[in-house]
Structures are given as C-alpha cells and as structure tokens.
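> here you go, sequence then predicted model.
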Protein chains: 2
Amino acid sequence: MLLAREDAIIQSVNRLLAEKGFDAMTVDEVAADVGIAKASLYKHFPSKEDLAAAAMVSVMRQAQAFLDALAAESSAVDKLRSVVAWTMGLKLAGEMPSLPSQNSSLRATLMGNKDYVNGLMDVSDRLGAWIELAQSQGVLNPKLPPVAVLYTLYARACDPVLEFLQVGQLYTNDEIIALVLTTCFEGLESR
Amino acid sequence: MLLAREDAIIQSVNRLLAEKGFDAMTVDEVAADVGIAKASLYKHFPSKEDLAAAAMVSVMRQAQAFLDALAAESSAVDKLRSVVAWTMGLKLAGEMPSLPSQNSSLRATLMGNKDYVNGLMDVSDRLGAWIELAQSQGVLNPKLPPVAVLYTLYARACDPVLEFLQVGQLYTNDEIIALVLTTCFEGLESR
DNA sequence: GTCTATAGGAGGATAGAC
DNA sequence: GTCTATCCTCCTATAGAC
C-alpha cells in the first residue's frame, strides 16, 4: 500500500517535472495530482528536492532495466543508438523529468542520494565501455574523448531540438527520433 | 546617460541570466549588481520578463553584427561553423543568457517584443539560406530538413555538453569548441 | 498517515517623498 | 529617476487534531 502510493506520487512528479520543469512545478500541484493533501506528501518525502530525486531514481532504474534487456543485441554502437532512441522517446512522451543544472540545493540532494549516484555511475560505466569498444572497432571516431561522447549522448535527453520539432507538427515522434539520431551519429555534413 | 545606464543594466542581466538562469535570478540581485535601487530598475524596465527580453535583444544584435562581418568569407558551411563557434564562445564566457523554454509569461513577453522577433527572423532567414545553399552543394546532408539543421545549430547555444566539459577542467575553451564543432558537423561516427 | 490551517520567507512590484 | 519602505502573492514546509 505504502509503496503503491509512493509509486503514484513519483509518477505524478515525473510527469509534472517533464511538463513544467522543477522550478515551475509546485508541491501543491503534485498533491492535487496524486489526490492527497500536501502535508501527507511531506510524510513520504521530506522536501521538494527529494521528490525530484525520487523521480530521477525511478528513471535511472528504468534505464538500467533497458540496458539489461539490451545485453544480447548486436554491436556496441547499435546499443548506444538504442539507448539514445529510448531516451528521446521518453522525452517526447513527456516522461523525462527536466531539472535545472544550476540549482545548487537540488544538486546537493541528488548527489546525496546513493540510489541516484550509484545508478548514474553504473549507467555511465556501461555506456562508457560500449563507447570505447566502438572506438576501438573504428566505428565511433577514436579521436573524440570518450567522456565527450558520453556527455553528447546524455544531452539528447534534454535536447530542445526534440520539442521544437514536436511543436512544429511536421513530423511524427518516430521521425523526429530518426532525424536526431542521424544528426547525432552521422553529423550534419554529407557522407 | 540614460542609454549608458540601461546598457549597464542589460550587461548585468546578461551575466546573471547566463550564470543562474531566469528563475534563479532575482530583481534584487540585478539592482545590487548595477548599484541602484530596485524601484529605479522598474523605471527603466516594467518587469523581470522585460529585463530578460532586453538581454536577448542585445545578444540578437550582436549576432546580427557577427553575421554582417561574415559576409565576405568563404563557403556557406564555413559561415555556419563560424556562427556556431561564436555562439559557443559566448556561452563558455558566461555571456549567453539561458531562458527556460517552458515559462509562458516569459515567452509572451519575448514574442511581444518586436526587436527580438524581427532579429530572430532575420538571423533565421540568413542561416536558413546558408543551410539550403550548403545542402544544394552537397556539403550538408540534403536529406535533413533545413529546419532541423537550423534548430540543431541553435541548440549549441544551450548545450549542457559545453558546461560539463568546462567543469571537467581537462580542456580549454577553444578545445571544447573544436570538439563540439566536430561532433555537431561530422557526427560521432568515424568518417 | 491523513487532514485543515497556518507559519515563515522569498521575491516581484509599487507608493510616495525628494 | 533615485531612494526607502512596504505591499502582496505565491510557495515550501510544519503544527496539531483525528
């Protein structure tokens, strides 16, 4: 019961974070969306920052599960493409929380959350291994620092290009994903 | 005198917007940074949103001046690279205001500001012409919709990859710009 | 653990004197 | 146009009854 309720809370937080961002999301909205009183929310999570952290932990777990299910697939670069496509699908579906990278109290809470930090490290390690493998195979540009590649992939999760193309109404979500996958991996120049 | 003071205000707003973002920036901070009282600020600009809009107009004018100075240069794609590099340099120098794309009152003010809207349209038209020219020359991938290319270039101005690489301390600003220019135009895959 | 009610504070905007 | 002082709204967080 308690877990089910907390799952419902996290789901609401996730959606509201994706829709309005951390600053614009209010705890009153979350409580109203879940259908409980604000004070009850604070019995489950001690602060707004912890609400956001719980949402991020949830997304991180989903990412880890996606990586697990990917283990049998073909090449390293194909796995990377799949992960990025999945991430962009989440964002286009309005399920990718957007947090300001500048808010210091939020960063402190996130970095103090072991579940989040461990999840992030695990995901980064696995992606990093695939990146270096793909570089050694000559599929990814070996001159790029692996960390720059990793950040470039992470950045697809908060890419404004996605929402710009989405509001334009000219392309379906799948077309947008295919488009941005192309620009990300193949670049803007002709091959 | 009045123009000089308003320039000083815009400069402070620009820096604070780049450093903290729109939501975290307070009007009190702006007033303190300029060295005048908050009420005096409101004699120059009617709202916080208008402060941000004035900063964006200022950046847009700088962009137009940069485009003007570029007219004699070589190929279309080289001009695009130059513009993107200039934009990233602004961001790395902490002079690129960062606005939330979700804040509706801010968007309303921006879209109601003729200087901003006209500047944005002018810049977009000029970049769009170079994009289509480069595509017809076969230098940029002709299969990409020009608007997707335009958004991809604009997105470099708020790319979190830049700040992530910058806090890592491993690369100079020039190296970061070169790196992201490569991933943007040539992609992550080997050529 | 849920509620109603409220404390407490931050921050955008204004009043009114000079 | 600049100042000081203040208003007022919004929002996070908590008190205290049940």
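Everything's here; your move.

> need the residues of chain A near DNA strand C, please.
A:Leu2, A:Arg5, A:Gly35, A:Ile36, A:Ala37, A:Lys38, A:Ala39, A:Ser40, A:Lys43, A:His44 (C-beta under 7 Å from any atom of the strand). All C-beta atoms are positioned from the backbone trio N, CA, C, and that covers glycine.

> for A:Leu67, give me its contacts.
A:Leu67 sits next to A:Val83, A:Val123, A:Arg126 when contact means C-beta atoms under 8 Å, 6 or more residues apart in numbering or on different chains.

> one more time with 10 Å
Counting by C-beta atoms under 10 Å, 6 or more residues apart in numbering or on different chains, A:Leu67 touches A:Lys79, A:Ser82, A:Val83, A:Trp86, A:Asp122, A:Val123, A:Arg126, A:Leu127, A:Trp130.

> next one: A:Ala31
Applying C-beta under 10 Å, 6+ apart, the residues near A:Ala31 are A:Ile9, A:Ser12, A:Ala37, A:Lys38, A:Ala39, A:Ser40, A:Leu41, A:Tyr42.

> the residues of chain A next to DNA strand C, buried ones only, as a PyMOL selection?
To isolate the buried members of those in PyMOL, using 16 or more other C-beta atoms under 10 Å in any protein chain shown:
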select buried, chain A and resi 36+44
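
> nearest to A:Leu140, of the contacts of A:Ala31?
A:Ser12 (38.4 Å; C-beta to C-beta).

> just the element for the closest one, please.
If you go by DSSP states H and E, A:Ser12 is part of helix A:2-24.

> next, the angle from that helix to helix B:2-24.
180 degrees (axes from the mean of the first three to the mean of the last three C-alpha atoms, to 10 degrees).

> show me the shaky parts of chain A.
Across chain A, no stretch falls below the confidence threshold (pLDDT under 70).

> change it to 80
Scanning chain A with the threshold set as pLDDT under 80 gives A:1, A:71, A:73.

> which parts of it sit against DNA strand D?
A:Met25, A:Thr26, A:Val27, A:Asp28, A:Lys38, A:Ala39, A:Tyr42, A:Pro46, A:Ser47, A:Lys48, A:Glu49.

> out of these, which touch chain B?
Checked against chain B using C-beta under 10 Å from any C-beta of the partner chain, those yield no neighbours at all.

> now stretch A:130-146: buried residues?
Buried positions in stretch A:130-146, judged by neighbour count with 16+ other C-beta under 10 Å: A:Trp130, A:Ile131, A:Leu133, A:Ala134, A:Gln135, A:Val139, A:Leu140, A:Asn141, A:Leu144, A:Pro145, A:Pro146.
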